[in-house]
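>>> Have a look at this prediction, sequence included:
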Amino acid sequence: MEHAIRLRFGLTRPGFALDLDLHLPAQGITALFGASGSGKTTALRCVAGLEPCHNALVHIGSQVWQDDAQGINLPTWQRPLGYVFQEASLFDHLNVQGNLLYGLRRPLWARWTRHAGNAPQADVQRQALEDAIALLGIGHLLHKRPTQLSGGERQRVAIARALAKQPRVLLLDEPLASIDPARRQEILPWLERLRDQTRIPMLYVTHAADELARLADTVVLLKDGKATACGPVAQVLANTHNPALTGDDASVVLSGEVSALDAPWHLACVQFAGGALWVADAGYRVGQALRLRVRAGDVSLTTEPAQHSSIQNLLPCTVQQLAADTHPAQAMVALQCGSATLLARITQRAVAQLGLQPGTPVWAQVKSVAVLA
Ligand SMILES: Nc1ncnc2c1ncn2[C@@H]1O[C@H](COP(=O)(O)OP(=O)(O)OP(=O)(O)O)[C@@H](O)[C@H]1O
């Protein structure tokens, strides 16, 4: 993996120290994930040049925004970034269109578009704005006032405004945190579109398990100002040594492709690195790439393949690792399934009764699979 974003910061506050040195891909969504107070927002503010930090390096692709050793430290206004906060900070006295244009009137805009080939600046600006409006699906909202929008719509406008400035990186600080659960589900597909259809890398702060599983390509797990894990989401979620998600949230993310459809039963077969899983067909086509989330609590284990079971998904696996769970009655079992890893959350008693240990061949019965995208 080519690392094109380098972030290194040191920062101390009473009772808190941030000490990060990260190499991140310059594409997709990198989630900064961790408990409250772990330093997620502070890290984002360091990228933006909003926190005085030491020993800092901020390289965004070929651009050097900060290199303390070289005496380079661009002020925030010279860093071409988009910043989306928990609450969409829109001007209530302007309509949506006015808010979008306001973002572009800043002097920094002229600097960015100077790099945009020979196209006249105004055309580049207009095109970027139109693309952002289309991507976030807010064309029908342009003449509304922010007070007439739902929380999710306000955030889509805030994201479009950030995007229209053609930033080199988009910083999103818990953009769904102030939105109620039903509206969050509505806005997630827009964030997926953003991830899949722009080439702007995003640093996305969250402590929500569903956003992590659904949106992240890369995860930085933060604890007390330090990164305790950093890597592809599938790898970080499957790690039982240093779990990102625990208890009921514990799950793995699998990437697969629809290999067959069973039309009479409305099922689709998704081939992944560990075999095949049947999922409810939502109009998929053969060859379509899908991201799946399998919760550890939806996987049970047998040492013999069940003969008469309602469970459609049965995968041969080998026990890789046994780990403690958040509850003493439960165990987390990491399973090697082809070249993929599954997690099963079962009772410690079942572990003992089945005689499970690393290397034991088992059958994983997968009760439910969530299709994320
Ligand atoms: N302006 C500030 N002045 C002093 N300490 C601060 C300030 N902002 C945050 N902190 C402290 O710095 C640490 C990291 O805070 P930060 O907001 O980065 O955490 P976080 O992971 O984003 O938390 P949350 O999920 O609650 O937003 C915490 O101990 C917090 O109390």
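Good, I have the coordinates.

>>> Let me see the mean pLDDT of stretch 277-297.
Averaging pLDDT along stretch 277-297 gives 94.

>>> what do you get for stretch 182-197?
Stretch 182-197 shows a mean pLDDT of 86.

>>> Before we move on, what's the pLDDT of D210?
Per the predicted model, pLDDT is 89 at D210.

>>> which element is it on?
helix 209-215 (DSSP states H and E).

>>> which strands and helices sit next to that helix?
Contacts defined by 3 or more Cβ pairs under 8 Å, 6 or more residues apart in numbering; DSSP states H and E place helix 209-215 against strand 29-34, helix 181-197, strand 202-206, helix 233-237, strand 251-262, strand 289-295. (Glycine included, C-beta is placed from N, CA and C.)

>>> Tell me the span between the first and last residue of stretch 45-59.
15 Å (Cα to Cα, to the nearest Å).

>>> Does it reach the ligand?
No - Stretch 45-59 does not reach the ligand (Cβ under 6 Å from any ligand atom); its nearest approach is 7.5 Å.

>>> Work out the gap between that stretch and the centre of the chain.
22 Å (Cα atoms, centre = their mean, to the nearest Å).

>>> do the same with stretch 352-363
The answer for stretch 352-363 is 33 Å, by Cα atoms, centre = their mean.

>>> In that stretch, which residues are buried?
Of all the residues in stretch 352-363, those buried under the rule 16 or more other Cβ atoms under 10 Å are L354, L356, T360, V362, W363.

>>> Who are the contact partners of the last one?
What it means is W363. L301, T302, T303, E304, P305, A306, L314, L315, P316, C317 (Cβ atoms under 8 Å, 6 or more residues apart in numbering).

>>> So which of those residues reach the ligand?
Applying Cβ under 6 Å from any ligand atom to the contacts of W363, none is adjacent to the ligand.

>>> looking at these, which has the most residues close by?
C317 (24 neighbours; other Cβ atoms under 10 Å).

>>> burial count for the closest residue in space to that one that isn't next to it in sequence?
Nearest residue to C317, sequence neighbours excluded (Cβ to Cβ, 6 or more residues apart in numbering): L335, at 3.9 Å. Each residue near L335 was counted by other Cβ under 10 Å, and the total is 27.

>>> shouldn't L335 be in contact with A323?
No - counting by Cβ atoms under 8 Å, L335 does not reach A323; the two are 11.9 Å apart.

>>> tell me the contacts of the residue in the stretch 101-250 of the chain that the ligand sits nearest to?
The ligand sits closest to H207 of the stretch 101-250 of the chain, with a gap of 5.5 Å, by Cβ to the nearest ligand atom. By Cβ under 8 Å, 6+ apart, the contact list for H207 reads F33, G34, A35, S36, K40, E174.

>>> same deal with N99?
L90, F91, P146, V157, R161.

>>> Show me how far the helix or strand containing it is from its chain's centre.
Taking DSSP H and E as the definition, N99 sits inside helix 96-104. The chain centre lies 27 Å from the centre of helix 96-104; the measure is Cα atoms, centre = their mean.

>>> secondary structure element for P243?
Short version, using DSSP H and E: P243 is in no helix or strand.

>>> Per-residue pLDDT of it, please?
Reading off the model, P243 has pLDDT 88.

>>> Can you list phi and psi of it for me?
For P243, the backbone dihedrals (degrees, to the nearest 10) come out as phi -70, psi 140.

>>> looking at the chain, which helix or strand is least sure?
None of the helices or strands of the chain scores lower by mean pLDDT, DSSP states H and E than helix 108-113, at a mean of 46.

>>> Alongside the ligand, which residues does the protein contribute?
With Cβ under 6 Å from any ligand atom as the criterion, the chain comes near the ligand at residues R13, F16, G34, S36, G37, S38, G39, K40, T41, T42, H207.

>>> Show me which of the residues you listed are buried.
G34, S38, G39, K40, T41, T42, H207.

>>> Just to check, the fourth one is in contact with V205?
Right, K40. Yes - between K40 and V205 there is a contact under Cβ under 8 Å: 4.3 Å.

>>> Pull up the overlap in contacts between the two.
L32, D173.

>>> can you pull the buried residues of the helix holding N99?
For helix 96-104, a neighbour-count test (16+ other Cβ under 10 Å) marks V96, Q97, G98, N99, L100, G103, L104 as buried.

>>> Thanks again, I'm all set now.
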